[in-house]
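1. Based on what follows, work out the 3D shape:
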Amino acid sequence: MRPEGGTGGQALRAMLAFLALGVTVSIIYGLFSSGFGRLHRTPVGAPPPIQARPAQTQPAPAAPGRAGPVRGRTVSAAMAAPRIAVVSHDFWLTYLPAGFDRADGGVIEPDQGAWARFAPERGPGARDGFVEVRVEHGAAAADWATYQRRTTLRMPRDTIIRGRPALVGRHPGGGLMIVWLERPGTGAWIRVGESLSEELLRVAASVKAPVGD
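-> Alright, predicted model coming up:
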């Protein structure tokens, strides 16, 4: 004989298993219905997503034919072009302040050298000042010690110009002046007005004296 109630226990277990299976199927269906686990692919031929990029500012191109700024200043072709300012046949300058030209000059007789004075051209916007140059030959310029005693300078100080010892200081008559021995037997000095003090060394550095230079 089977024990009483065995059939009812099996039926209860079968019912519980069926309910568990139904709950599991419902959970799985709900997950797949929400899109969980699906791969989202970009359709073939679709453009890639656009990513925003910060705007970049490009410098405007320089206008043709204009000189660019250099340390806050504009360099023009006229200022950069070399000049020839002759003092004598063997002594000349390759730089003068803009707008300056020869105003006076001559030779020192007998064959003792030459001198020249350069001044601004007259007209609207003309600059003030002057540039005086003197080149001397002979025993007075036999050596540096002899030649530097020929000129009296206020607050003189030693310097070098074009590889040569020189003295620079204030001239008793006004302005700034530099004196040096170009070579044994030839001395030179350059004097500029107060307004051209910053130009003195540049003018002196432009000297050309090919004979023995």
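2. what's P165 in contact with, if anything?
-> W144, D158, W180, L181 (CB atoms under 8 Å, 6 or more residues apart in numbering). Quick note: C-beta positions are derived from backbone N, CA and C, even for glycine.
3. what are the ranges of the strands in this structure?
-> With DSSP state E as the criterion, the chain has strands at 69-70, 73-74, 85-88, 91-93, 100-108, 113-120, 131-137, 154-161, 164-170, 176-183, 186-192, 207-208.
4. Kindly state the pLDDT recorded for A11?
-> You'll see A11 listed with a pLDDT of 68.
5. Over to T151?
-> On the pLDDT scale, T151 gets 86.
6. Could you check how far the closest residue to it other than its chain neighbours is from P156?
-> Using CB to CB, 6 or more residues apart in numbering and skipping the chain neighbours, the partner closest in space to T151 is V179 (5.0 Å). Distance of V179 to P156, given as CB to CB, to the nearest Å: 9 Å.
7. Any idea how many residues pack against the residue nearest to T151?
-> Using other CB atoms under 10 Å, V179 is surrounded by 24 other residues.
8. Return the set of buried residues in stretch 188-197.
-> Neighbour-count burial for stretch 188-197, counted by 16 or more other CB atoms under 10 Å, picks out A188, W189, I190, R191, V192, G193, L196.
9. quick one: terminal-to-terminal distance for that stretch?
-> Start-to-end span of stretch 188-197 (CA to CA, to the nearest Å) is 18 Å.
10. Averaged pLDDT, it. What do you get?
-> Mean predicted lDDT for stretch 188-197 stands at 94.
11. go on, stretch 106-126?
-> So the average pLDDT for stretch 106-126 ends up being 80.
12. partners of the nearest residue to W144 once chain neighbours are set aside in the sheet?
-> Nearest non-adjacent residue to W144, counting by CB to CB, 6+ apart: L181, 4.4 Å away. With beta bridges defined as DSSP bridges, L181 has these partners: G187.
13. do the same with A114
-> As for beta bridges, A114 partners with V107, V135 under DSSP bridges.
14. Enumerate every residue touching the closest residue to E194 other than its chain neighbours.
-> What sits nearest to E194 in space, not counting adjacent residues and going by CB to CB, 6+ apart, is G175, at 5.8 Å. Under the criterion of CB under 8 Å, 6+ apart, the contact list for G175 reads F130, R191, V192, G193, E194, L196, S197.
15. any idea how far P97 is from E121?
-> 11 Å.
16. follow-up on the earlier one: between the buried residues of stretch 188-197, which sits nearest P210?
-> Of all the buried residues of stretch 188-197, the one with the least separation from P210 (CB to CB) is A188, at 14.1 Å.
17. Touching, that closest one and H137? I think so.
-> No: A188 is not in contact with H137 according to CB atoms under 8 Å; the separation is 10.1 Å.
18. burial count for E121?
-> Neighbour tally, E121, other CB under 10 Å: 12.
19. right, and A166 touches L153 too?
-> No: in this structure, A166 is not within contact of L153 by CB under 8 Å, at 10.9 Å.
20. can you list residues touching both of the two?
-> Counting by CB under 8 Å, 6+ apart, the residues touching both A166 and L153 are V179.
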